[in-house]
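Student: sequence plus the predicted model coming up.
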Amino acid sequence: MNKLVLVTGGTGYIGSHTVVELMNEGFDVVIIDNLSNSEKSVLNGIAEITGRRAYFEQFDICDKERLDNFFKVYKKLDAIIHFAAYKAVGESVEKPLMYYQNNLVSLMNLLNGMIEYDVPYIVFSSSCTVYGEPDELPVTEQAPIKLANSPYGNTKQISEEIIKDIISVNPNLKAIALRYFNPIGAHPSALIGELPIGVPNNLVPFITQTAIGIREELKVFGDDYNTSDGSAIRDYINVVDLAKAHVVSVKRMLEDKCKSNFEFFNLGTGKGSSVLEIVNAFEKAAGEKLKYKIVGRRAGDVESVYADTKFANEELGWKAEISLEETLLSAWNWEKYIQNKK
Ligand code: NAD
Ligand code: UFG
């Protein structure tokens with residue numbers, strides 16, 4: 001019988017790509033999503049790619065009673081991948097309570113369910129924001145956790161602490177926190193991808209929307225950083241590569257290969273790219289000229305952050321493989337697909 005994985009936030013950006021990779025590897029998947037930041041039609045994209053449908057339950061994980069009923073119905077869950085959370089850094093500064101409420105209560109309800117209903121394994125979506133402005137580059141998993149510079153970042157730090165404390169008194173539970181660097185791109189089929197609501201905050205959706213004519217021009221936030229071209233550096237990782245690391249993590253737990261009950265891994269490519277390098281790479285990959293102008297720095301941005309991937313590469317036996325050009329082209333194809341559909 002296939003193993004059954006609960007994917008919370010499974011109709012979202014990273015969740016949907018992970019559901020596809022899980023199903024491609026023979027797992028059965030049940031998604032819980034309240035559709036606060038995604039659309040039900042994503043399920044059709046997943047089905048078209050995999051030839052199978054994931055089970056889908058639409059509700060808010062913060063609703064403990066509803067979640068408990070879910071655990072009673074889905075009695076044999078083998079593992080959980082927990083994506084469901086709010087994720088907009090700027091919004092979290094404006095609405096901190098909404099972020100603490102959603103991101104922490106949902107996690108605590110799930111952990112409670114794992115204990116009560118004997119689900120042993122959880123993979124948690126963390127972020128490189130936990131490292132803040134790192135002292136040394138590339139960043140290893142041993143780098144100190146810095147004071148969070150937004151309530152969103154703080155929810156990721158607190159979530160990791162909560163998981164650590166719960167695991168330490170429940171030896172049957174195991175967790176893996178995956179600290180993502182900057183996920184970008186879309187599935188090569190262009191049937192699923194990122195669906196930003198309103199004006200995108202993130203660089204790549206803003207680039208593709210500018211190239212297709214929805215936005216007038218890209219604003220490059222700062223050219224006075226201490227980097228080769230003055231713009232800020234990030235580690236951009238293809239979302240399908242990222243999704244595959246979740247499947248590897250679930251298998252690692254199922255096959256009892258974890259070295260401790262709570263493990264952390266950086267998920268990046270190990271290569272930093274500046275904003276202007278991304279603009280150039282996009283122009284080359286898409287064959288489109290991009291209108292942009294340099295403006296001042298964005299508040300809260302760090303100068304440079306990219307991953308030391310040695311630990312994830314060696315321990316997980318996983319490596320990001322898809323090139324930046326191919327990734328940017330996938331983002332461009334996805335943008336054209338969604339605009340055509342409108
Ligand atoms: P997303 O918004 O596309 O997906 C999250 C999904 O969770 C959405 O479909 C939303 O409807 C759902 N959701 C939110 N709260 C819920 C709740 N209480 N109950 C049920 N469903 C709920 O986001 P994403 O980019 O796919 O991110 C997934 C996870 O990865 C998040 O935890 C995010 O913080 C983390 N992360 C994302 C990035 C990034 O750049 N995208 C980087 C680091 C970490
Ligand atoms: N940028 C621009 N113009 C834009 C948008 C972004 O110049 O219109 C720049 C930013 O200043 C930054 C870089 O592009 O230097 C990347 O910015 P993003 O907003 O795409 O990504 P961040 O690194 O700020 O943060 C993202 C997610 C966080 C997550 C973090 C680490 O938004 O939720 O990656 O995973 F925590």
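Tutor: Perfect, I can see it now. Ligands and ions are numbered 1, 2, ... in the order given.

Student: I'd say residue 320 and residue 240 touch.
Tutor: No - between residue 320 and residue 240 there is no contact under C-beta atoms under 8 Å: 9.6 Å. C-beta here means a position set from N, CA and C on the backbone, and glycine is covered the same way.

Student: output stretch 287-294 as CSV, nothing but the C-alphas.
Tutor: Output in CSV follows, covering the C-alpha atoms of stretch 287-294 (Å, rounded to 0.1, in the frame of the first residue of the first chain):
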residue,chain,number,x,y,z
GLY,A,287,14.8,36.8,-25.0
GLU,A,288,12.9,39.9,-23.7
LYS,A,289,14.3,43.3,-22.8
LEU,A,290,13.4,44.3,-19.3
LYS,A,291,12.7,47.9,-18.3
TYR,A,292,14.2,48.7,-14.9
LYS,A,293,15.5,51.5,-12.8
ILE,A,294,17.7,51.7,-9.7
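
Student: what does that stretch contact?
Tutor: By C-beta atoms under 8 Å, 6 or more residues apart in numbering, the surrounding residues in contact with stretch 287-294 are 207, 210-211, 216-220, 222-223, 279, 282-283, 332.

Student: closest one of the residues you listed to ligand 2?
Tutor: Within the contacts of stretch 287-294, proximity to ligand 2 (C-beta to the nearest ligand atom) peaks at residue 220, which comes in at 4.5 Å.

Student: tell me what that closest one is bridged to.
Tutor: residue 294 (DSSP bridges).

Student: what's the burial count for it?
Tutor: Using other C-beta atoms under 10 Å, the number of residues around residue 220 comes to 21.

Student: angles on the backbone of residue 8, please.
Tutor: Backbone torsions for residue 8, taken as degrees, to the nearest 10, come to phi -80, psi 140.

Student: given the host helix or strand of residue 122, what are its sheet partners and their directions?
Tutor: Element membership for residue 122, per DSSP states H and E: strand 121-127. If you go by DSSP bridges, strand 121-127 pairs up with strand 79-82 (parallel), strand 174-180 (parallel).

Student: if you count neighbours, what's buried in that strand?
Tutor: Residues of strand 121-127 classed as buried under the neighbour-count rule (16 or more other C-beta atoms under 10 Å) are 121, 122, 123, 124, 125, 126, 127.

Student: and if you look at stretch 206-219?
Tutor: 206, 207, 208, 209, 210, 211, 215, 218, 219.

Student: next one: stretch 258-277
Tutor: Across stretch 258-277, burial judged by 16+ other C-beta under 10 Å covers 258, 261-270, 272-277.

Student: so how far is that stretch off the chain centroid?
Tutor: With C-alpha atoms, centre = their mean, to the nearest Å as the basis, the distance from the averaged C-alpha position of stretch 258-277 to the chain average is 12 Å.

Student: check stretch 191-202 too.
Tutor: Put simply, stretch 191-202 sits 13 Å off its chain's centre (C-alpha atoms, centre = their mean).
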